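Visitor: 3D, please:
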Amino acid sequence: MGKNSSRSEIPPGTLYMLILKTLVRLGPMHGYGIAQYIQQVSDEVLQVEEGSLYPALQRMLVKGWVEGEWAQSENNRRARYYRLTAAGREQLQQEVSEFHRVMQAINRVVEPA
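Guide: Okay, here's the model as predicted:
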């Protein structure tokens with residue numbers, strides 16, 4: 001399947017899950033890297049806006065799902081790198097479980113009987 005030229009916003013309730021899953025797969029990352037990864041893996045369909053990403057990361061820090069550490073990026077700029085915590089791994093399991101439950105419910109409504 002080719003790249004989709006139209007981009008979509010992240011569906012409500014899935015941003016935490018996408019961020020947590022990205023950190024599980026790739027390890028510590030800065031916010032821009034997280035956004036780029038989600039966009040690339042989704043074939044450019046999902047676009048994480050800064051206005052959503054950084055507040056979500058801040059809430060995740062407060063909840064203890066991620067830890068942040070300032071360091072130099074690959075572009076030699078100061079960036080905050082986010083790392084998943086044990087609580088974040090547990091939350092990811094809950095987020096994925098809830099996502100599958102909701103998707104199954106949506107499929108029951110959308111798909112023909």
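
Visitor: so which residues of this protein form strands?
Guide: Counting by DSSP state E, the chain has these strands, from start to end: 8-9, 29-30, 46-47, 66-72, 78-84.

Visitor: pLDDT averaged over the third one, what's the number?
Guide: In this case it means strand 46-47. Averaging pLDDT along strand 46-47 gives 92.

Visitor: now residue 15. Nearest residue, chain neighbours left out?
Guide: residue 56 (5.2 Å; Cβ to Cβ, 6 or more residues apart in numbering). C-beta coordinates here come from the backbone N, C-alpha and C atoms, glycine included.

Visitor: name the helices or strands packed onto the helix or strand of the chain with the lowest mean pLDDT?
Guide: For the chain, using mean pLDDT, DSSP states H and E, the weakest element among its helices and strands is strand 8-9, scoring a mean of 72. Judged by 3 or more Cβ pairs under 8 Å, 6 or more residues apart in numbering; DSSP states H and E, the packing partners of strand 8-9 are strand 46-47.

Visitor: gap between the strand it packs on and the chain center?
Guide: On the basis of Cα atoms, centre = their mean, to the nearest Å, strand 46-47 sits 10 Å off its chain's mean C-alpha point.

Visitor: partners of it, with directions?
Guide: strand 8-9 (parallel) (DSSP bridges).

Visitor: centre of the chain versus the strand it pairs with, how much separation?
Guide: Worked out by Cα atoms, centre = their mean, strand 8-9 lies 13 Å from the chain centre.
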